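Trainee: Return atomic coordinates for the entry below.
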Amino acid sequence: AATHAGTYAVNAVGTPVVKDAAGNDVSDQFSVDVTPGKLDISKRNVILTSGSGEKEYDGKALTSEEVSVTMDGFAEGEGATYRVTGTRTLAGSAENTFTYILDENTRAEDYNIRTAYGSLKVNSRESKYEITLVSRGGTALYDGSKHVIEGFQDTEFSFGGVTYTVSGITSRIAGTKAGTHEAVISGALVVTDSEGNDVTDQFEITNESGTLEIGKRQITFTSSTIEQVYNGSALTGGEVTVSGDGFATGDGAEFTMTGSQTLTGRSSNTFDYTLTGNTKADNYEITINEGLLIVTGRTDLYSVTIRGASGTLTYNGQEQELTGITADEDGQLLEDGSIRVTVDGNVYTVSSISASGSGTNVGTYPVNVTGEAVVSDSAGNNVTDQFAVSLINGSLEITAGTMDLSAISDNTQTYDGTAVTGG
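Mentor: I've put the predicted structure just below:
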């Protein structure tokens, strides 16, 4: 008897006995030649075949753990353990390799074992994975310096639990001036899986350019409010303050005050400005806020005294008249009958008044000042309400005349009917 594959001898044992048809032992009539036989137990032919598989690329490994046993197969109770090592992740094909270990009760000598590898095939995706690569962006307030933003919001993406990384491409935004600045994208984009494999052909990639918004600085120019009591001189000046975000370092402006208020009342304290150096208007949102120039009326009015003319005339037997006015404040009589005065360093004209007086006989007569005084400044503005004008009458004195009798001689003659004359 034999169990395992091989060739075995079959030997006869014992003494041969030859019987006839009637059952009689006739062995002695025969010479029996005994030749040994043989037993051939052939090896079983076995084909071990690993499974095959096919799918669309999904970033995960394609495997098949199945191993089939064909041909004669293993004898009952015998077999093997399999370790399938074949795998395919990227698009393409690979053999589904495996190894095997025979069970302890299974002898390799009893088998002709052949292995056959199945196929693992991964097809490229018909509908590509979609990635939107968004450049990083941001905002800043103009400050005169260069602002730079680099990179993308995300460079890692997951699909079906598999993480992919985008590389080989750069995004850079640089800007100094106020406004919108676009990203500059450059390079050759590559998508790799977690093992570093290039799987770019499985993706549809869209670039979305980010922006850098540099905002204008909000600044306000405010001229000061100043006040004075009327003095005949223009109220000007003050200063301009800059508020809000203010100027960026190195930027600025020069201011020229243009507002003026001389008369009582108020007006805007206007001004002009010129941006200095490399300051650009486009980087600023400028608001103008004008203060006030306020001139209030005088409570202590300027005092001007206008007097009627005074003088002396000699009696001449006829009515004589004296006209004209004078002023205590360095008055200067003008051709039109008004009078120019200087008050607090400023020149004014007093008009609409006159004075006259007349008399015949020896005596003193008033030179009466009449009219309602109007005071004008050098620009012709009526500023009467800032003055207290006193009107004082003058006087005309008519004195007795004198006669020179020294030319009359002491001459006496006898009346003869002719005139007596001095000589």
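
Trainee: separation between the closest residue to residue 169 other than its chain neighbours and residue 172?
Mentor: Computed as C-beta to C-beta, 6 or more residues apart in numbering, the closest residue to residue 169 that is not its neighbour in sequence is residue 187, at 4.0 Å. All C-beta atoms are positioned from the backbone trio N, CA, C, and that covers glycine. Distance, residue 187 to residue 172, by C-beta to C-beta, to the nearest Å: 11 Å.

Trainee: ok, back up a step: which pLDDT does the model give the residue nearest to residue 169?
Mentor: Looking at residue 187, its pLDDT reads 94.

Trainee: follow-up on the earlier one: between residue 187 and residue 172, which one's more packed in?
Mentor: Neighbour tally, residue 187 and residue 172, criterion other C-beta atoms under 10 Å: the higher count belongs to residue 172, 14 against 10.

Trainee: Read off the pLDDT value for residue 410.
Mentor: pLDDT at residue 410 comes out at 51.

Trainee: would you say the residue nearest to residue 169 is within a strand?
Mentor: Yes - according to DSSP: H, G, I helix; E, B strand; the rest coil, residue 187 belongs to a strand.

Trainee: ok, now how distant is it from residue 194?
Mentor: 22 Å.

Trainee: again with residue 104
Mentor: Separation of residue 104 from residue 194 (C-beta to C-beta): 40 Å.

Trainee: Who has more neighbours out of these two?
Mentor: Taking other C-beta under 10 Å, residue 104 and residue 194 do not tie; residue 194 has more neighbours (11 against 7).

Trainee: what's the closest non-adjacent residue to that one?
Mentor: residue 163 (5.7 Å).

Trainee: what residues are up against the one you found?
Mentor: By C-beta atoms under 8 Å, 6 or more residues apart in numbering, the contact set of residue 163 is 156-157, 193-194.

Trainee: Of those, just the buried ones, PyMOL syntax please.
Mentor: Selecting the buried subset of the contacts of residue 163 in PyMOL, with 16 or more other C-beta atoms under 10 Å as the burial test, is done by:
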select buried, resi 157+193
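
Trainee: What pairs with the helix or strand of the chain with the lowest mean pLDDT, parallel or antiparallel?
Mentor: Of all helical and strand segments in the chain, the minimum by mean pLDDT, DSSP states H and E falls on strand 6-10, at a mean of 76. Strand 6-10 has these partner strands in its sheet, going by DSSP bridges: strand 37-41 (antiparallel).

Trainee: Export only the CA atoms of the strand it pairs with, formatted as CSV.
Mentor: Taking C-alpha atoms only, strand 37-41 is exported to CSV below (Å, rounded to 0.1, in the frame of the first residue of the first chain):
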residue,chain,number,x,y,z
GLY,A,37,4.3,-5.9,-9.8
LYS,A,38,4.4,-2.1,-9.3
LEU,A,39,2.1,0.7,-8.1
ASP,A,40,2.3,4.2,-9.7
ILE,A,41,0.7,7.1,-7.8
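
Trainee: now the helix or strand just after it, how far from the centre of its chain.
Mentor: As assigned by DSSP states H and E, the chain's next helix or strand after strand 37-41 is strand 44-50. Chain-centre distance of strand 44-50: 75 Å, with C-alpha atoms, centre = their mean, to the nearest Å.

Trainee: do stretch 7-21 as well
Mentor: Offset of stretch 7-21 from its chain centre (C-alpha atoms, centre = their mean): 115 Å.

Trainee: mind listing what's buried in that stretch?
Mentor: Quick answer for stretch 7-21: no buried residues (16+ other C-beta under 10 Å).

Trainee: Same check on stretch 262-269?
Mentor: Those would be 262-263, 267, 269, for stretch 262-269 by 16+ other C-beta under 10 Å.

Trainee: Apart from its chain neighbours, what residue comes closest to residue 67?
Mentor: In space, residue 67 is closest to residue 82, 4.4 Å off (C-beta to C-beta, 6+ apart).

Trainee: Show me what the helix or strand hosting that neighbour is packed up against.
Mentor: Per DSSP H and E: residue 82 is located in strand 80-84. In terms of contacts (3 or more C-beta pairs under 8 Å, 6 or more residues apart in numbering; DSSP states H and E), strand 80-84 is packed against strand 44-50, strand 98-102.

Trainee: make it 6 Å
Mentor: Contacts defined by 3 or more C-beta pairs under 6 Å, 6 or more residues apart in numbering; DSSP states H and E place strand 80-84 against strand 98-102.

Trainee: Quick one: name whatever helix or strand follows the strand it packs on.
Mentor: In N-to-C order, the element after strand 98-102 by DSSP H and E is strand 111-116.

Trainee: How far away from the center of its chain is that next one?
Mentor: Worked out by C-alpha atoms, centre = their mean, strand 111-116 lies 76 Å from the chain centre.

Trainee: Look up how far residue 36 lies from residue 355.
Mentor: Using C-beta to C-beta, one obtains 183 Å as the distance from residue 355 to residue 36.

Trainee: meant to ask about residue 270, not that
Mentor: Residue 270 is 139 Å from residue 36, by C-beta to C-beta.

Trainee: Report the spatially nearest residue to residue 228, omitting neighbours in sequence.
Mentor: Nearest non-adjacent residue to residue 228 (C-beta to C-beta, 6+ apart): residue 235, at 5.0 Å.

Trainee: List the beta-bridge partners for the one you found.
Mentor: residue 261.

Trainee: How about residue 325?
Mentor: Going by DSSP bridges, residue 325 forms beta bridges with residue 308.

Trainee: State the number of residues packed around it.
Mentor: Residue 325, neighbours per other C-beta under 10 Å, totals 24.

Trainee: Pretty sure it sits against residue 355.
Mentor: Yes - the criterion here is C-beta atoms under 6 Å, and residue 325 meets it with residue 355 at 4.8 Å.

Trainee: Run a quick check on residue 140 versus residue 149, I expect a contact.
Mentor: No - the pair residue 140 and residue 149 fails to qualify as a contact (C-beta under 6 Å) at a distance of 8.9 Å.

Trainee: Who has more neighbours out of the two?
Mentor: Neighbours per residue (other C-beta under 10 Å) separate residue 140 from residue 149, with residue 149 holding more: 20 against 16.

Trainee: which residues does that one contact?
Mentor: When contacts are counted by C-beta atoms under 6 Å, 6 or more residues apart in numbering, residue 149 touches 136, 138, 173, 212.
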